[in-house]
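Chemist: Mind looking at a prediction? Sequence and model below.
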Amino acid sequence: MEVNFRKFRIDDYDRVIELWKQCGLPLKPRGRDSREEISRQLELPQVIFLVAEAGGRVVGTVLATHDGRKGWINRLAVDPAFRRQGLGQKLVRLAEEELEKAGLKMFAALIEEVNLASIQLFQKLGYEFHPEIKYFTRKESSEI
């Protein structure tokens with residue numbers, strides 16, 4: 001089946017949330033992953049949200065952002081029925097291309113230790129692991 005890559009549209013929202021659940025991504029549906037919040041994020045110039053589509057349905061996603069210095073690869077997900085076909089690699093490379101258009105030359109991804117498939121994918125794509133980095137967050141609420 002042919003796979004096409006394009007920008008996310010808000011009418012993709014329900015399928016994307018379903019895909020993220022299917023792929024085990026942590027969700028905040030009343031916070032940063034709500035339809036309203038994603039709509040707001042899409043208006044920001046530093047947000048790049050791409051989908052892979054096959055047979056009229058979303059089968060992959062990647063959400064890339066940047067802070068002007070570094071590009072971040074987030075929300076990479078591929079439908080289990082479409083894995084091992086290079087879709088994850090293609091989504092990452094397309095996100096990198098978009099980030100490069102914004103002048104970025106360094107990319108990063110935060111991956112949970114138990115997500116071995118993503119770790120292997122990013123290593124295959126030339127990303128370097130930094131075990132010395134400790135990640136901290138501060139949130140206004142648990143829904144963010």
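Modeler: In hand now; what should we look at?
Chemist: Determine how far the last residue of stretch 132-144 lies from the first.
Modeler: Length of stretch 132-144, first residue to last, C-alpha to C-alpha, to the nearest Å: 26 Å.
Chemist: For it, which outside residues touch it?
Modeler: Contact partners of stretch 132-144, identified using C-beta atoms under 8 Å, 6 or more residues apart in numbering, comprise 28, 30-32, 110. C-beta: built from backbone N, CA, C; applies to glycine.
Chemist: cool, and stretch 19-30?
Modeler: 17, 33-34, 58-61, 75, 77-80, 143-144.
Chemist: Where do the helices of this structure begin and end?
Modeler: Here the chain has its helices, by DSSP state H, at 13-22, 35-42, 87-101, 116-124.
Chemist: tell me the most buried of those helices?
Modeler: helix 87-101 (a mean of 18; mean count of other C-beta atoms under 10 Å).
Chemist: Just the C-alpha atoms of that helix, please, in CSV.
Modeler: C-alpha atoms of helix 87-101 as CSV (Å, rounded to 0.1, in the frame of the first residue of the first chain):
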residue,chain,number,x,y,z
LEU,A,87,8.3,4.8,8.0
GLY,A,88,9.8,5.9,11.3
GLN,A,89,13.1,6.7,9.6
LYS,A,90,11.3,8.6,6.8
LEU,A,91,9.3,10.6,9.3
VAL,A,92,12.4,11.5,11.3
ARG,A,93,14.3,12.5,8.1
LEU,A,94,11.3,14.6,6.9
ALA,A,95,11.1,16.4,10.3
GLU,A,96,14.9,17.0,10.1
GLU,A,97,14.5,18.5,6.6
GLU,A,98,11.8,20.9,7.9
LEU,A,99,14.0,21.9,10.9
GLU,A,100,16.9,22.5,8.5
LYS,A,101,14.8,24.9,6.5
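Chemist: still on that earlier bit, got a quick ChimeraX command for the buried subset of the contacts of stretch 19-30?
Modeler: Buried residues among these (16 or more other C-beta atoms under 10 Å), as a ChimeraX selection:
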select :17,33,34,58,59,60,61,75,77,78,79
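Chemist: so, if you compare the contacts of stretch 19-30, which one comes nearest to Val114?
Modeler: Val114 lies nearest to Ala77 out of those, by C-beta to C-beta, at 15.5 Å.
Chemist: Mind checking which of the contacts of stretch 132-144 are buried?
Modeler: Of the contacts of stretch 132-144, not one counts as buried by 16+ other C-beta under 10 Å.
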